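Trainee: What follows is a predicted protein model with its sequence.
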Amino acid sequence: MTAKQDAPRPAAPRLSELMPWSVPPLRLGRSWVRGPDPAVLRARWNALVAAEDAAARERLFRPSRSRTLHSAVGQLPGQATPTGRLSRAGGPCPEPVRILHGPFDRQWLLPDHRLIDAARPELWRVADERQLFAVEPGQVPQVPGPAVVCSTLLPDGRSPAGRPGRIHPLFRRPGGTEPNLAPGLLGLLAGRLDRPVGPADLLAWITASARHSPDGTVVPLTADPAVWDTGVALGERLLWLHTRGGHAYGAHAGERPRMPGGRRPYVRSALPAHGLPPSLGYDAGEEALLLGDGRISPVPPGAWAFHAGGVRVLEAWFAQRTVPEDPPKEGSLAALRTMTWPQEWTSELLELITVLALLAELEPECARLRETTADGPAITAAGLRDAGVLPAPADAHRPASVLDHHEEGPEGQFALL
């Protein structure tokens with residue numbers, strides 16, 4: 001081993017230092033408010049409000065220390081849900097909203113603050129068409145997977161392996177204003193790299209270069225302009241894939257990811273018309289995903305092997321739709337489930353396979369970028385401290401005050417923010 005290899009590498013800054021405001025994962029408190037089928041969520045709500053008496057409604061609701069049928073809470077920002085006590089609630093179901101569940105699973109949530117123990121309203125307040133969320137999925141040692149997953153959807157931050165991560169919004173205010181970055185960081189990078197550096201450029205670099213460490217997610221920063229350009233271009237493609245085309249990417253702006261012709265996954269044997277597939281498997285020789293008697297191919301090995309948050313993504317996605325996380329009690333709201341495979345799930349699965357296959361193809365480029373960055377000139381955590389960029393001031397770690405819209409408080413009162 002050479003002296004260069006023996007020498008310790010200067011410490012890279014942590015993601016939590018570069019993007020100082022972060023939020024813990026949502027804590028739902030009851031599993032029945034989230035799921036892969038919005039029709040089931042509506043059925044659960046209807047069953048709750050149709051309960052024959054107060055005791056039956058309470059049993060269905062599953063109260064906790066944070067939420068009971070008598071809790072007084074305001075609306076979630078941006079949601080027009082009632083704020084009266086659930087003990088006397090009726091009427092139509094709150095319209096389910098799309099969220100990112102875990103690293104790559106798009107599901108639905110009832111966006112009613114009365115139903116959720118810790119909904120993190122500060123995230124809902126800044127969630128709009130300009131926002132991007134960087135999520136640290138909890139990592140299991142020796143298990144591969146991205147250190148950061150990005151989303152245009154509001155993420156619940158769940159870590160499938162059970163180790164909590166953090167949610168970092170790119171912007172502290174709606175409309176893509178006030179980047180959630182250590183003050184002075186963009187200016188320092190622009191000066192060292194001799195080119196403009198915007199918030200989305202830095203997030204692209206983070207997505208491509210971040211890695212796990214025992215102390216949390218770290219982000220090596222290059223001082224080489226050519227390496228920076230390579231990393232940002234790679235990160236932009238990763239962002240496009242993570243967000244299923246929600247983040248613009250060059251000539252692909254507005255397009256959803258697709259595999260090249262001849263490599264696109266198709267349903268070769270139909271999934272069951274009734275019931276749910278009993279199992280998920282993979283035929284490596286045929287590059288086929290097996291859902292009971294159903295068959296989808298081609299599915300590249302990289303898509304099948306892709307891990308995030310300590311689990312194989314395709315296995316976790318399938319289990320969310322076929323195996324209850326906790327065996328539900330008979331007569332509970334969680335026991336109301338989809339019992340026949342919808343066509344929409346097949347379309348979502350084909351898209352997920354495509355995204356994972358394309359991400360797997362980029363893993364060697366990400367590895368080369370990290371090696372090149374480690375061997376070249378770097379902007380270290382110590383250098384950022386010397387420049388006064390780190391540590392970020394205390395107020396940068398807290399959510400910004402957003403005062404440009406009303407939010408209804410408990411029992412219809414206006415909330416003071």
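Mentor: Sure, I can see it.

Trainee: hey, let's count contacts and neighbours off CA atoms from now on
Mentor: Will do.

Trainee: quick one: low-confidence parts of the chain?
Mentor: Applying pLDDT under 70 to the chain flags the ranges 1-9, 162, 325-328, 403-406, 409, 411-417.

Trainee: Which segments of it make up each domain?
Mentor: Domain assignment of the chain by automatic domain parsing yields the ranges 18-257+368-412, 266-360.

Trainee: residues touching G102, list them.
Mentor: Applying C-alpha atoms under 8 Å, 6 or more residues apart in numbering to G102 gives the contacts P137, P155, D156, G157, R158, S159, P160, G309.

Trainee: Recalculate using a threshold of 10 Å.
Mentor: If you count contacts by C-alpha atoms under 10 Å, 6 or more residues apart in numbering, G102 has them with 25, 135-138, 149, 155-161, 308-309, 313, 316-317.

Trainee: Is there a quick ChimeraX command that grabs whichever of the residues you listed are buried?
Mentor: Provided next is the ChimeraX selection string for whichever of the contacts of G102 are buried by 16 or more other C-alpha atoms under 10 Å:
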select :25,135,136,137,138,149,155,156,157,158,159,160,308,309,313,316,317
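
Trainee: hang on, the earlier thing: most neighbours per residue, which of the domains of the chain?
Mentor: With neighbours taken as mean count of other C-alpha atoms under 10 Å, these reach their highest mean count in domain 18-257+368-412, at a mean of 19.

Trainee: Turn the domains of the chain into CSV, columns for distance to A12.
Mentor: Shown next, in CSV, are those (distance: least, C-alpha to C-alpha, whole Å):
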stretch, distance to A12
domain 18-257+368-412, 5
domain 266-360, 22
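
Trainee: any chance you could map the helices in this structure?
Mentor: Along the chain, counting by DSSP state H, helices occupy 3-6, 15-18, 38-49, 54-61, 121-126, 185-193, 199-209, 225-242, 301-305, 313-322, 343-375, 381-386.

Trainee: So which of those helices is nearest P169?
Mentor: helix 121-126 (7.6 Å; C-alpha to C-alpha).

Trainee: what residues does the closest one touch?
Mentor: By C-alpha under 10 Å, 6+ apart, helix 121-126 touches 22-23, 26, 74-79, 111, 113, 127, 132-133, 154-156, 167-177, 398-402, 405, 407.

Trainee: Next step: these restricted to strands.
Mentor: F133, I167, H168, P169, F171, R172, R173, T177 (DSSP state E).

Trainee: Out of the residues you listed, name the two that are farthest from one another.
Mentor: Farthest pair in the ones in strands among the contacts of helix 121-126, by C-alpha to C-alpha: I167 and T177, 17.7 Å.

Trainee: hang on, the earlier thing: could you export the helices of the chain to JSON lines, including columns for distance to L280?
Mentor: Putting the helices of the chain into JSON lines (distance: least, C-alpha to C-alpha, whole Å) gives the following:
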{"stretch": "helix 3-6", "distance to L280": "44"}
{"stretch": "helix 15-18", "distance to L280": "36"}
{"stretch": "helix 38-49", "distance to L280": "23"}
{"stretch": "helix 54-61", "distance to L280": "32"}
{"stretch": "helix 121-126", "distance to L280": "35"}
{"stretch": "helix 185-193", "distance to L280": "46"}
{"stretch": "helix 199-209", "distance to L280": "30"}
{"stretch": "helix 225-242", "distance to L280": "24"}
{"stretch": "helix 301-305", "distance to L280": "11"}
{"stretch": "helix 313-322", "distance to L280": "7"}
{"stretch": "helix 343-375", "distance to L280": "12"}
{"stretch": "helix 381-386", "distance to L280": "45"}
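
Trainee: Quick check: which of these is nearest to G275?
Mentor: helix 313-322 (9.8 Å).
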